[in-house]
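K.L.:
Model the structure of this input:
(chains A and B)
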Amino acid sequence: MARRGPVALRVVVIAYLVLLVAWPVSLVFTGAFANGLAPVIETFRDPLVLNALRLTAIAAGWAVVLNTVFGVGVALLLVRRTFPGRRLLAALVDLPLAVSPVVVGLAIALVYGAKSGWLGVPLANVGLDVIYSTPGIVLATTFIALPLVIREIIPVLEEVGTEQEQAARSLGAGPWTTFRRITLPAIRWGLIYGVVLCLARAVGEFGAVKVVSGNLIGRTQTATLTVEELYMNFDREGAFAVAAALASVSIIAIAIVGLLRARTERRTS
Amino acid sequence: MSIEIRDVTKTFGSFTALDDVSVAIRPGSLTALLGPSGGGKSTLLRIIAGLETADSGVVTIDGADATRLPPQKRGVGFVFQHYAAFPHMSVARNIAFGLEIRKRPKEEVRARVDELLRLVHLEQFGDRMPSQLSGGQRQRMALARALAVEPSVLLLDEPFGALDAKVRKELRDWLRRLHDEVHVTTVFVTHDQEEALEVADEIVVISQGRVEQTGSPDALYDRPANSFVMSFLGPVTQLDGRLVRPHDIEVLGIEVRDAVAGVVADVQRVGNEARVRVGVGGAPPVAVVLTRAELRALGARVGDTVWLRLAAGAATLPVDDAALAGSHPAAGVGEVGRALAGASSPRG
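P.N.:
You can find the predicted model right below:
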């Protein structure tokens, strides 16, 4: 009897995860190769698909770079400094996780729209279109993935404390040297974890990008938008192939995170 | 190098950590900042190091105004209670850190690190990671790291506070010897009066953000400026309206002039020490410490009448009502009370 409960629970949990996650995701991969390798290769030869993948890579790359640089800065500010409005800033950082991506997209379109946007009109006057163009897609993707790096680093910074940094300062290191040689090595696992999560989130973004990109095929269509487009046009193999490529990126990212986590747990135990 | 602190005040919100503090530290000395927790002594040390900035006042290191200098420009070595080891660097790299920052030639760094490893008796441990060292070894590594850059001043914040009693004692003796060898002006913070009395040339007693007294260990013990200093440095009791140390009271079996009569209420033997409580009627009982031989010679037992008088040259102070009423809650009443109860050695 003692083992019955745990076993039953395990069966329920496994069934739940298989039905909801593993089986549908695996169907994406089997669906992609339903008619063999040829249609998949053909899909990835399509210049529109390649363009979309390139755009996704650009948006995700920028999102990772921006969120890493600003994420480290914001996390240091939130943990190491006290200033009026600190709690408000901390709450603001979590906002992108709480708000629907569609709302994020609309908000960005309102600010940066070329016709009536608050910042969009002056930018359009100097020849820079944000909405319906790559900068808007980068902005939306960065916004959505913003909290991930920050939220990973903050607990690590809190745990490490300031004594090592103070010791480095008293030994003659300036602020930048202290950051590079003491702070950065101390937070590196949290940072890598945050970057991987940020990458996975950025690659998969759909809602916000759909609003700001205008979905112009071959110009502002990202990989996720292409999947939708192909699926709506009954090109199921194509849709599955691109979806499988996106899923692969996420699965590899999660695998890396899992390995890192196992490694840090071994180090701390 | 000398350190001078003039009129330094530091507040954290509504809490005054240091209230118009002035201290002069002699070059080459080993000075203890002694006082109860939260009294401001660590804040003062951190202000000397540049890890905190004073709200007002001046800090002078070696004659130069250092009040606004960032920590890396002050030429101070700082040792933390919890070591602040760099966990991702080997012991040798930890020690080399300050020299590498200064871009010294590799050969020189290696030679200096070897020398320091020998100085702190960690020759075998250069390639280990800090996590593989014991607490005492880590603190010695931290000391070597601070000494590597040849600081003009070495500052230690409760350096042995996180170590167990035996290691603490060893490191204490070792720090004393190290200072005799290296002669760098050293300031350490402690709340342990025994540590301060044993190690320091000079003690600065700090409580509630103020300097209570400055002087040599003997001067402070023999001529305490007030009842707080007296009770913080060792057990005290009251005899005839004066504060006095329990071992400075003579117990006599016969009546003599100026002696106070009393009845032995309690005798407790701890090793070679006998702690006797004598009820004197109308005043709190007097705690007296005798040696075992003295107790045997006296032959007094519970209920016997004895006469108490001050030993020649005993330090006494008038009983400070303010102290007893609790103006020094950390040590005043508590230490006096504990001393009365059994003349136990206070550990602040």
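
K.L.:
Contact residues of the stretch 51-200 of chain A facing chain B?
P.N.:
With C-beta under 8 Å from any C-beta of the partner chain as the criterion, the stretch 51-200 of chain A meets chain B at residues A:163-164, A:166-174, A:177, A:181-182, A:185-186. All C-beta spots, glycine's among them, are computed from the backbone N, C-alpha and C.

K.L.:
what's the closest non-adjacent residue to the residue positioned nearest the centre of chain B?
P.N.:
Against the mean C-alpha coordinate of chain B, by C-alpha atoms, centre = their mean, the closest residue is residue B:196 at 3.2 Å. Among residues not flanking residue B:196 along the chain, residue B:32 sits closest, at 3.8 Å (C-beta to C-beta, 6 or more residues apart in numbering or on different chains).

K.L.:
Quick check on that neighbour: phi, psi?
P.N.:
The phi and psi values for residue B:32, taken as degrees, to the nearest 10, are phi -110, psi 130.

K.L.:
Can you list the low-confidence ranges for the chain?
P.N.:
Chain wasn't specified; assuming chain A. Applying pLDDT under 70 to chain A flags the ranges A:1-5, A:264-269.

K.L.:
Can you look at chain B instead?
P.N.:
Where chain B drops to pLDDT under 70, the residues are B:320-348.

K.L.:
Would you mind listing the outside residues contacting the lengthiest helix in it?
P.N.:
When chain B is parsed with DSSP state H, its longest helix is helix B:165-182. Residues outside helix B:165-182 that contact it (C-beta atoms under 8 Å, 6 or more residues apart in numbering or on different chains): B:30, B:119, B:134-136, B:139-140, B:143, B:147, B:156, B:159-160, B:163, B:186, B:188, B:195, B:198-199.

K.L.:
please redo it, this time with the cut-off set to 7 Å
P.N.:
If you take C-beta atoms under 7 Å, 6 or more residues apart in numbering or on different chains as the criterion, helix B:165-182 is touched by B:30, B:135, B:136, B:139, B:147, B:160, B:163, B:186, B:195, B:198, B:199.

K.L.:
and of these, the nearest to chain A?
P.N.:
Checking those against chain A by C-beta to the nearest C-beta gives residue B:147 as the nearest, at 10.6 Å.

K.L.:
For the helix or strand harbouring that closest one, name the packing helices and strands.
P.N.:
Under the criterion of DSSP states H and E, residue B:147 resides in helix B:135-148. For helix B:135-148, the packing partners by 3 or more C-beta pairs under 7 Å, 6 or more residues apart in numbering or on different chains; DSSP states H and E come out as strand B:76-79, helix B:91-101, helix B:106-119, helix B:165-182.

K.L.:
I would like the residues contacting it, please.
P.N.:
The contact list for helix B:135-148 (C-beta under 7 Å, 6+ apart) reads A:171, B:77-80, B:83-85, B:91, B:94-99, B:112, B:116-117, B:119-122, B:125, B:130, B:133, B:154, B:159, B:162-163, B:167, B:171, B:182.

K.L.:
rerun at 6 Å
P.N.:
The contact list for helix B:135-148 (C-beta atoms under 6 Å, 6 or more residues apart in numbering or on different chains) reads B:77, B:79, B:83, B:85, B:91, B:94-95, B:98-99, B:116, B:120, B:130, B:163, B:167, B:171.

K.L.:
Which of those residues lies at the shortest distance from residue A:103?
P.N.:
residue B:85 (47.3 Å; C-beta to C-beta).

K.L.:
Can you name every helix or strand that the helix or strand containing residue A:111 contacts?
P.N.:
Assigned by DSSP H and E, residue A:111 falls within helix A:101-112. Applying 3 or more C-beta pairs under 6 Å, 6 or more residues apart in numbering or on different chains; DSSP states H and E, one finds that helix A:101-112 contacts helix A:134-160, helix A:207-213.

K.L.:
beta partners of the closest residue to residue B:237 other than its chain neighbours?
P.N.:
Closest residue in space to residue B:237, ignoring its immediate chain neighbours: residue B:287 at 4.1 Å, by C-beta to C-beta, 6+ apart. Assessed by DSSP bridges, residue B:287 has beta-bridge partners residue B:277.
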